[in-house]
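> What shape does this take:
(2 chains)
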Amino acid sequence: MCRYASPLAFDSRQWTLRDLALDRIHIGGVLTVSEHAWTWTAQTKLPSRRGAHMACMQEILDTLKDLGWDGRDLFGVEMALEESLTNAIRHGNSLDESKQVEVECRVSRERFWLQVVDEGEGFKPQLVPDCTADENLECLGGRGLALMKAYMTSVEYNDRGNCVTMEKIRSTPVD
Amino acid sequence: MATQRRIKVNESGQVTVVTFNDSKIIDEAEIQEFGQELYDLVERQGRKKIILNFGNVEFLSSAALGKLIGFDKRVKQHGAELMLSNIRPEIYEVFAITKLTKLFEIKDDEADALAAI
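Coordinates of the predicted model:
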């Protein structure tokens, strides 16, 4: 379990490193089964402050690079991390520092899995205007969601809309 | 003229060519600054032809895209022209996914943009 109060206090040695042959994740009453040999997993809670996610995000990206991730795959993960964590801090928890963002991440040479939970009231992703429609091109919101969906293999929200779970299967062939 | 920390501005004839100091446009405070420096080009300095050269940019978030859309609106309000150039393929895909390729005029390189604006 990784705990840190701010990016400045971040210490990568606090991250959990463990190998899982068969991984079963049970969160919020929804059972997600992911039978995969994860190389590295981590959990943390972030304060709802601008930029609080940066150290956590960099650690995950560095781990993926060490595992051989690069190019569009790594770019897509960076985009999904940035958008999901920023959404949770800024929109979910409304930058209220009494609220935290829970982050759980699992990675391997082939897969990236991320779950981000905020303490906000949640939202209905289906009600977010389609930013790619001609009449919405200049709208302010919706692009983060569109980008996450484009780069990830799957993106799912819970019913309340305060928990997003996503997974990416690496497209680059692994030797 | 206000100090510019996030962008560099060069003149090429009547055209203002802007390059970005940051390879990652991601930090929210920096995005605010970057937006204000761009807005000042049309609102305070009255520049009419602007090229944004993205050659240095390796990553940008949806918040940065939002700021670019805000800049495009101000450019139009002031009767100015805007073109984007030198966008690397990864960044171009971000514009393509969000369909902002329809909103912005994008040229391969600065020379093409200078010839067209």
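> Below-threshold pLDDT in the chain: ranges please.
Let's take chain A. Counting by pLDDT under 70, chain A has low-confidence residues at A:1-35, A:173-175.
> actually it's chain B I care about, not the one you picked
In chain B (pLDDT under 70), the answer is B:1-2.
> Work out for me the element the residue most central in space within it sits within.
Closest to where the C-alpha atoms of chain B average out (C-alpha atoms, centre = their mean) is residue B:52, at 3.7 Å. Using DSSP states H and E, residue B:52 falls within strand B:49-53.
> by contact count, what packs against that strand?
strand B:15-20, helix B:28-43, strand B:81-85, helix B:110-116 (3 or more C-beta pairs under 8 Å, 6 or more residues apart in numbering or on different chains; DSSP states H and E). Just so you know, the C-beta spots here come from the backbone N, C-alpha and C atoms, and that holds for glycine as well.
> Mean neighbour count and distance to residue A:70 added to the ones you listed, as JSON lines?
Output for those, formatted as JSON lines (neighbours: other C-beta atoms under 10 Å in any protein chain shown; distance: least, C-beta to C-beta, whole Å):
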{"stretch": "strand B:15-20", "mean neighbour count": "20", "distance to residue A:70": "23"}
{"stretch": "helix B:28-43", "mean neighbour count": "18", "distance to residue A:70": "25"}
{"stretch": "strand B:81-85", "mean neighbour count": "21", "distance to residue A:70": "26"}
{"stretch": "helix B:110-116", "mean neighbour count": "16", "distance to residue A:70": "28"}
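> Give me the sheet partners of whichever helix or strand comes after the strand holding residue B:52 and which way each runs.
Downstream of strand B:49-53, the first helix or strand assigned by DSSP H and E is strand B:59-60. Using DSSP bridges, strand B:59-60 pairs in its sheet with strand B:24-25 (parallel).
> what's the distance between the strand it pairs with and the middle of its chain?
13 Å (C-alpha atoms, centre = their mean, to the nearest Å).
> Stretch B:38-48 too?
Centre to centre, stretch against its chain (C-alpha atoms, centre = their mean), the figure for stretch B:38-48 is 12 Å.
> how about the helices in chain A?
A:54-66, A:71-86, A:143-151 (DSSP state H).
> Pull up the gap between the nearest residue to residue B:56 once chain neighbours are set aside and residue A:95, please.
Leaving aside its sequence neighbours, residue B:56 sits nearest to residue B:20 (C-beta to C-beta, 6 or more residues apart in numbering or on different chains; 5.1 Å). Using C-beta to C-beta, to the nearest Å, one obtains 26 Å as the distance from residue B:20 to residue A:95.
> Ok, residue A:113 next?
If you go by C-beta to C-beta, the gap between residue A:113 and residue A:95 works out to 27 Å.
> and if you look at residue B:109?
Residue B:109 is 40 Å from residue A:95, by C-beta to C-beta.
> pretty sure residue A:131 is touching residue A:144, no?
No. Contact between residue A:131 and residue A:144 fails when scored by C-beta atoms under 8 Å: they sit 9.1 Å apart.
> what's the overlap in contacts for those two?
Common contact partners of residue A:131 and residue A:144 (C-beta atoms under 8 Å, 6 or more residues apart in numbering or on different chains): none.
> What residues does chain A have near chain B?
Chain A comes close to chain B at residues A:50-51, A:54, A:72, A:75, A:78-79, A:82-83, A:86, A:90, A:131-132, A:134, A:137-138, A:140, A:143-144, A:146-147, A:150, as judged by C-beta under 8 Å from any C-beta of the partner chain.
> Of these, keep whichever come out buried.
Buried members of the residues of chain A next to chain B, counted by 16 or more other C-beta atoms under 10 Å in any protein chain shown: A:54, A:75, A:78-79, A:82-83, A:86, A:90, A:131-132, A:137, A:143-144, A:146-147, A:150.
> ok, which pair from those is furthest apart?
Farthest apart among those by C-beta to C-beta are A:54 and A:137. That separation is 29.2 Å.
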